[in-house]
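S.K.: I would like the atomic coordinates for the input below:
(chains A and B)
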Amino acid sequence: GAGVSQSPSNKVTEKGKDVELRCDPISGHTALYWYRQSLGQGLEFLIYFQGNSAPDKSGLPSDRFSAERTGGSVSTLTIQRTQQEDSAVYLCASSSFRRDYGYTFGSGTRLTVV
Amino acid sequence: AQSVTQPDIHITVSEGASLELRCNYSYGATPYLFWYVQSPGQGLQLLLKYFSGDTLVQGIKGFEAEFKRSQSSFNLRKPSVHWSDAAEYFCALGEGGSYIPTFGRGTSLIVHP
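M.R.: A predicted model of the protein is given here:
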């Protein structure tokens, strides 16, 4: 696609429920990144994919968080047994193999856990 | 380890005034540097980027940034700020591809009429 697409744009869920957030990167982009942005905070790195593999999962805050990427394209971030502190905007970005390209971000998914 | 520092959490300017947002980095080689802008409720939009060559780079929306190796800085400037420039601005260090970008914590720009 022309840009990075994230869905849903907004998600309200009850505490304890599982949620799935989707990211559809720019076609052909090999690298994909997930970030979390809590209210008034900067960007917290969660996980990075190169193709379908995730060489760096160091940012995932707990084992309730997981992510996968299939076909070198769409990625899903899953949060199990959501907690109120999971409320945040989840941003996805993708990048090509070209070092000088930079990173293109989606508009994010705003997750609210009530 | 690489890092990006944005010393100012908030900056307030009057509409029409000039703007400079500071960014300092720590990196062992020639950095790839970016400035992004985030309007409320939106994702991050790339304003400009520096990789090599001319140290003064032009971006979108009338922004420019100057890379100063001696000061490890990449400050963002605009000669005349518009009310629509009110947003969060992020400086980032990265190379794309397999390199995980490092972001500063952001500077919130407030524009007074």
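
S.K.: looking at residue 5 now. What's its pLDDT?
M.R.: You didn't pick a chain, so chain A it is. For residue A:5, the model assigns a pLDDT of 96.

S.K.: hmm, I had chain B in mind actually
M.R.: For residue B:5, the model assigns a pLDDT of 95.

S.K.: which residue, other than its chain neighbours, is closest to it?
M.R.: residue B:24 (4.6 Å; CB to CB, 6 or more residues apart in numbering or on different chains). To be clear about C-beta, it is placed using only N, CA and C from the backbone, and glycine gets the same treatment.

S.K.: list the contacts for the one you found?
M.R.: B:4-7, B:71-74 (CB atoms under 8 Å, 6 or more residues apart in numbering or on different chains).

S.K.: export these as CSV, with columns for secondary structure, neighbour count and distance to residue A:70.
M.R.: CSV is the format used below for the contacts of residue B:24 (DSSP: H, G, I helix; E, B strand; the rest coil; neighbours: other CB atoms under 10 Å in any protein chain shown; distance: CB to CB, whole Å):
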residue, secondary structure, neighbour count, distance to residue A:70
B:4, strand, 24, 32
B:5, strand, 14, 37
B:6, coil, 20, 36
B:7, coil, 11, 42
B:71, helix, 10, 45
B:72, coil, 14, 40
B:73, strand, 17, 41
B:74, strand, 28, 37
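
S.K.: after the helix or strand of chain B with the lowest mean pLDDT, which helix or strand is next?
M.R.: Sorting the helices and strands of chain B by mean pLDDT, DSSP states H and E puts strand B:102-103 at the bottom, at a mean of 90. Using DSSP states H and E, the helix or strand that directly follows strand B:102-103 along the chain is strand B:107-112.

S.K.: buried residues in that following strand?
M.R.: Residues B:107, B:109, B:111 are the ones in strand B:107-112 that count as buried (16 or more other CB atoms under 10 Å in any protein chain shown).

S.K.: residue numbers of chain B in contact with chain A?
M.R.: Contacts of chain B with chain A, taken as CB under 8 Å from any CB of the partner chain, map to B:32, B:34, B:36, B:41-46, B:49, B:51, B:90, B:92, B:94-101, B:103-106.

S.K.: emit the PyMOL select command for whichever of these are buried.
M.R.: Buried members of these, defined by 16+ other CB under 10 Å, are picked up in PyMOL with:
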select buried, chain B and resi 32+34+36+43+44+45+46+49+51+90+92+94+95+96+97+99+100+101+103+104+106
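
S.K.: just the residues of chain B next to chain A: which are in strands?
M.R.: B:34, B:36, B:45-46, B:49, B:90, B:92, B:103 (DSSP state E).

S.K.: any chance of these in TSV, plus distance to residue A:31?
M.R.: Formatted as TSV, those follow (distance: CB to CB, whole Å):
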residue	distance to residue A:31
B:34	15
B:36	17
B:45	19
B:46	15
B:49	16
B:90	18
B:92	14
B:103	16
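
S.K.: excluding its backbone neighbours, what's nearest the residue nearest the centre of chain B?
M.R.: Centroid check for chain B by CA atoms, centre = their mean gives residue B:35 as the closest residue, at 3.5 Å. In space, residue B:35 comes closest to residue B:47 once its chain neighbours are excluded; the distance is 4.4 Å by CB to CB, 6+ apart.

S.K.: ditto for residue A:102
M.R.: The shortest distance from residue A:102 to any non-neighbouring residue, by CB to CB, 6+ apart, is to residue B:49 (5.2 Å).
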